[in-house]
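Enquirer: after the sequence you'll find the predicted model.
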Amino acid sequence: MLEIKNLNVSYGMVNALKGINLKVNDGEIVTIIGANGAGKSTTLMTISGILKPKKGYIKFDDVDITKKPAQNIVDMGICQVPEGRRIFANMTVMENLEMGAYLRKDKMVKSDMEKVFNLFPRLKERHKQIAGTLSGGEQQMLAIGRALMSKPKVLLLDEPSMGLAPIVVQDIFKTIKNINEDGTTILLVEQNAKMALSIADRAYVLETGNISLEGAASVLKDDERVKKSYLGG
Amino acid sequence: MKTFIEQLINGLSLGSIYALIALGYTMVYGIMKLINFAHGDIYMVGAFTGFFASTYFHLGFIPSLLLAMLVSLLLGVTIERVAYRPLRNKSKISILITAIGVSLLLENGGIIILSPQVRTYPQIFKQHMYSFFNGIITISNQQIVIFVVSIIMMVGLQIIIYKTKMGKAMRAVSTDADAAKLMGVNVDRTVSFTFAIGSALAAVAGVLVGIYYNSIDPLMGIMPGLKAFIAAVLGGIGIIPGAMVGGLLMGVIEALVSGYGSSLYRDGVSFAILIIILLIKPTGLFGKNVREKV
């Protein structure tokens, strides 16, 4: 459903992506693992239309979205949970969730908010609280909840485990799995390769702008090269 | 006591006008980190529109005010579209210099088109003084109009910002423009909207000043523009309640300095306050320290 071909993205003189190919099928959890600066976030930001590629294309359900503005891409059903959560810190939890539903005009927004609250009861308790005062884990929940409010077909997640305690990370990943089981396709970018490979169907390894390995997550988990570089030997 | 209250009322009237202008500065800064130096001149255009509407078209107060708001709004949106938007992703200094250029263009364009002469604003409200408590408090009907209109505008602004979808989008863009984009917010449109509101408020201030001081000229925007900018910095630039309080404070201080000292010191004191505030609390009265993300 999401197809990336020969994607080249650069920041000025620096080529961040050097022609990557990637595919996400309906209903899958696909993960991109790799070190800092490999181009993982660049990939997601380009899919979301924030960055524009120099070459290559991105197709979503066979429609070319490479040149579409960010708001159209959200409207088509691709929403991102950005790295570092980037919630609207001086707005309330409720307002953050409403921002997620910004483009929606249907009447189901209220009931979808209830669904998000069911997924993250902590957010319900704190719905009037200013988002910046939440803990890191709660902010991550809010960032995911906010993206879910747009009713995405594909959810892009950028390092949801960043800066969180291991026990919170487990929770977040369990939730991601649940969201996927409810029918949302997921493209997950992670440095925590072990966690990512444990829930993903397929995986890509990104190294300085190139995809060096790809395959079923269960296979890559036991791959010597992956073990050595990303799973701590 | 009587002088004090008198000056306080004068100061609050002047301060409401500063506050209305300061709001435009602070909103635009909040959303795109730009000091829109042309803002004072948008206020001038608003004052002139009100002048023409009431002098030549004999419109009443409210239609003149609405027309002035509309003209300034269109001007503000056009300036953003033509002069600022193409530079948004360029360096901050180029857009700042452009803002100064737009300001000079409006001032000198105003001198050419409108002539540099000072115009006398029509007396839309015949001055009438009301006194309370045996004359301890005297207030003119013009001052009452200034208060009422300013309060309506500020309450209206709060409603727009906190209760409407566009207002939420404005706040989201001002916190994190890219994150807002990821939620589907059209950032260009939100910025245009911000300029529209800020410019319309400046026009209101322009018309009110015309009514209060009776005279307007093409360079009238320079000094109040600077003062309102100081007011916005005083309150904490980018923070809306800060602009309101900063404006009122600025007006009251000026009036008290004129009343008790000499009006010659008025501007000096305003700028001295700016320097002191920047030394003691660089982020302004309502400002918080923002840590830059690295």
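Expert: Happy to help now that I have it. Just so it is clear, the structure is predicted and the values come from calculations on it, not from any experiment.
Enquirer: tell me where the chain has strands.
Expert: Let's take chain A. Assigned by DSSP state E, the strands in chain A fall at A:2-11, A:14-24, A:29-34, A:55-60, A:63-64, A:78-81, A:154-158, A:185-190, A:202-207, A:210-216.
Enquirer: other chain: chain B
Expert: B:119-120, B:129-132, B:137-140, B:215-216.
Enquirer: ok so, going back, so which of the strands of chain A is the most surrounded?
Expert: Greatest average neighbour count among the strands of chain A goes to strand A:78-81 (a mean of 28), per mean count of other C-beta atoms under 10 Å in any protein chain shown. Bear in mind the C-beta positions are built from the backbone N, C-alpha and C, glycine included.
Enquirer: is that one up against chain B anywhere?
Expert: Yes - Strand A:78-81 reaches chain B (C-beta under 8 Å from any C-beta of the partner chain) through A:79, A:80.
Enquirer: quick one: strands adjacent to that strand?
Expert: In the sheet, strand A:78-81 lines up against strand A:154-158 (parallel) (DSSP bridges).
Enquirer: work out the gap between the partner strand and the centre of the chain.
Expert: 2 Å (C-alpha atoms, centre = their mean, to the nearest Å).
Enquirer: got a list of contacts for it?
Expert: In this structure, residues lying in contact with strand A:154-158 by C-beta atoms under 8 Å, 6 or more residues apart in numbering or on different chains are A:1-2, A:24, A:40-41, A:44, A:47-48, A:60, A:77-83, A:144, A:147-148, A:176, A:179, A:184-189.
Enquirer: make it 6 Å
Expert: A:2, A:41, A:44, A:78, A:80-83, A:147, A:184-189 (C-beta atoms under 6 Å, 6 or more residues apart in numbering or on different chains).
Enquirer: can you state the direction angle for it and strand A:14-24?
Expert: Using axes from the mean of the first three to the mean of the last three C-alpha atoms, to 10 degrees, the inter-axis angle of strand A:154-158 relative to strand A:14-24 is 140 degrees.
Enquirer: for strand A:154-158, what is the average pLDDT?
Expert: Taken as a whole, strand A:154-158 carries a mean pLDDT of 97.
Enquirer: next, the angle from that strand to strand A:2-11.
Expert: 40 degrees.
Enquirer: alpha carbons of strand A:154-158, as PDB, please.
Expert: Extracted C-alpha coordinates of strand A:154-158, given in PDB (Å, rounded to 0.1, in the frame of the first residue of the first chain):
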ATOM      1  CA  VAL A 154      -0.800   3.900   7.900                       C
ATOM      2  CA  LEU A 155       0.800   5.100  11.100                       C
ATOM      3  CA  LEU A 156       4.400   6.200  10.900                       C
ATOM      4  CA  LEU A 157       6.200   6.000  14.200                       C
ATOM      5  CA  ASP A 158       9.600   7.600  14.700                       C
END
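Enquirer: in stretch A:68-87, what counts as buried?
Expert: Buried residues in stretch A:68-87, defined by neighbour count with 16 or more other C-beta atoms under 10 Å in any protein chain shown: A:68-71, A:73-87.
Enquirer: distance across it, terminal residue to terminal residue?
Expert: End-to-end distance of stretch A:68-87 (C-alpha to C-alpha, to the nearest Å): 24 Å.
Enquirer: what lies in contact with that stretch?
Expert: Applying C-beta under 6 Å, 6+ apart, the contact partners of stretch A:68-87 are A:41, A:44, A:48-50, A:65, A:96, A:103, A:131, A:139-140, A:142-144, A:147, A:150, A:152-154, A:156-159, B:176, B:179, B:181-182, B:184, B:186.
Enquirer: if you set the cut-off to 7 Å instead, what comes out?
Expert: Stretch A:68-87 is contacted by residues A:41, A:44, A:47-50, A:60, A:65, A:96, A:103, A:131, A:139-140, A:142-144, A:146-147, A:150, A:152-160, A:162, B:176, B:179, B:181-186 when judged by C-beta atoms under 7 Å, 6 or more residues apart in numbering or on different chains.
Enquirer: where do the helices of chain A begin and end?
Expert: Secondary structure of chain A by DSSP state H: the helices cover A:40-47, A:70-76, A:93-100, A:109-119, A:121-125, A:136-148, A:166-181, A:193-199, A:217-221, A:224-230.
Enquirer: turn those into TSV, columns for mean pLDDT.
Expert: Output for those, formatted as TSV (pLDDT from 0 to 100):
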stretch	mean pLDDT
helix A:40-47	96
helix A:70-76	96
helix A:93-100	96
helix A:109-119	95
helix A:121-125	95
helix A:136-148	96
helix A:166-181	95
helix A:193-199	94
helix A:217-221	93
helix A:224-230	88
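Enquirer: looking at these, which is closest to residue B:277?
Expert: helix A:93-100 (30.8 Å; C-beta to C-beta).
Enquirer: quick check: residues of chain A near chain B?
Expert: Residues of chain A lying close to chain B (C-beta under 7 Å from any C-beta of the partner chain) are A:48, A:50, A:70-71, A:74-75, A:80, A:82, A:86, A:88-91, A:95, A:98-100, A:102-103, A:150.
Enquirer: tell me how many other residues crowd residue 159.
Expert: This is for chain A. 22 (other C-beta atoms under 10 Å in any protein chain shown).
Enquirer: sorry, should have said chain B
Expert: The number of residues packed near residue B:159 is 11, by other C-beta under 10 Å.
Enquirer: now stretch A:98-114: how far from the chain's centre is it?
Expert: Put simply, stretch A:98-114 sits 20 Å off its chain's centre (C-alpha atoms, centre = their mean).
Enquirer: what residues sit buried inside that stretch?
Expert: Within stretch A:98-114, the residues scored as buried using 16+ other C-beta under 10 Å are A:98, A:99, A:100, A:101, A:102, A:103, A:104, A:112, A:113.
Enquirer: which two of those residues have the greatest separation?
Expert: Longest span within the buried residues of stretch A:98-114, C-beta to C-beta: A:103 and A:113, 15.2 Å.
Enquirer: contact partners for residue A:217?
Expert: Contacts for residue A:217 (C-beta under 7 Å, 6+ apart) come out as A:31, A:197, A:200, A:201, A:202, A:203.
Enquirer: so residue A:7 sits right up against residue A:16, yeah?
Expert: No - judged on C-beta atoms under 7 Å, residue A:7 makes no contact with residue A:16 at a distance of 10.0 Å.
Enquirer: in the stretch 101-250 of chain B, which residue sits closest to chain A?
Expert: Relative to chain A, the nearest point of the stretch 101-250 of chain B is residue B:184 (3.6 Å; C-beta to the nearest C-beta).
Enquirer: and the pLDDT at that residue?
Expert: pLDDT, read off for residue B:184, is 96.
Enquirer: what of residue B:293?
Expert: pLDDT recorded at residue B:293 is 44.
Enquirer: likewise residue B:282?
Expert: On the pLDDT scale, residue B:282 gets 86.
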